[in-house]
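Student: Show me how the following folds:
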Amino acid sequence: MTENDIADFMTGLPGVVAFTAAEGTGAPRAAWGDTFFFYDPDDDPSARQMPFATIVVKDYEGFDTASGLDRPGVFRLNVAVGRAAFGELLGYPPAAHAGRHETVDYRALDRILPHPVYAAQSWVCVLNPGEATAPRVPALLTAAHARAAARHRPRT
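Tutor: Numbering: from 1, shown residues only. Next up is the predicted model:
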């Protein structure tokens, strides 16, 4: 799956808004090129608090470099899956990740991994989804979308 395949899938889900950070969007320079997926059925930018999935295309120096996104053509899909799904996918709860952090190869391509920074918040990631993970990625994204929709509270 390419970044465009993922973005096309995501924007085909009801109420999803994709935001790609770029110069002139008000996003910090460090985020330029990254794409954030929000559940926002009202298309209200002020209501977009937390994305439920992201595509990150580069390392964030001093913060998030474990995936080695500085390698040519490498991107990372990040998905907020929730505690139960995290446990099912990885075999342990998000709260236990700190004790396992050093054992994970965050540079591995085409594998469902705990997010290198946000695993404790029930985020998983896949670097360059391919043959091994592409069949599962749409289901992960659809479930994350459903969770975001269930939590959505329209502004009044």
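Student: hey, let's count contacts and neighbours off CA atoms from now on
Tutor: Fine.
Student: Counting neighbours, what do you get for the nearest residue to T20 once chain neighbours are set aside?
Tutor: If the residues on either side of it in the chain are set aside, T20 comes closest to T35, at 4.1 Å by Cα to Cα, 6 or more residues apart in numbering. Other residues within reach of T35, judged by other Cα atoms under 10 Å, total 21.
Student: Which stretches in the chain count as helices?
Tutor: Applying DSSP state H to the chain gives helices spanning 3-11, 83-90, 137-151.
Student: Now the shortest one: buried residues?
Tutor: Judged by neighbour count using 16 or more other Cα atoms under 10 Å, the buried positions of helix 83-90 are R83, A85, F86, G87.
Student: Check those residues against T142 and report the nearest one.
Tutor: Of all the buried residues of helix 83-90, A85 has the smallest distance to T142: 12.5 Å, by Cα to Cα.
Student: For the closest one, give me the pLDDT.
Tutor: In the predicted model, A85 carries a pLDDT score of 97.
Student: ok, it to Y118 distance?
Tutor: 15 Å (Cα to Cα, to the nearest Å).
Student: circling back to that earlier point, partners of the residue nearest to T20 in the sheet?
Tutor: For T35, the residues forming beta bridges with it (DSSP bridges) are T20, I55.
Student: Looking at the helices of the chain, spot the one closest to C125.
Tutor: Shortest distance between C125 and the helices of the chain, using Cα to Cα, is found for helix 137-151: 9.8 Å.
Student: How about the residue nearest the centre of the chain: what's its closest non-neighbour residue?
Tutor: Nearest to the mean C-alpha position of the chain, counting by Cα atoms, centre = their mean, stands N78 at 2.0 Å. Closest residue in space to N78, ignoring its immediate chain neighbours: C125 at 4.3 Å, by Cα to Cα, 6+ apart.
Student: Show the pLDDT at that neighbour.
Tutor: C125 carries a pLDDT score of 98 in this model.
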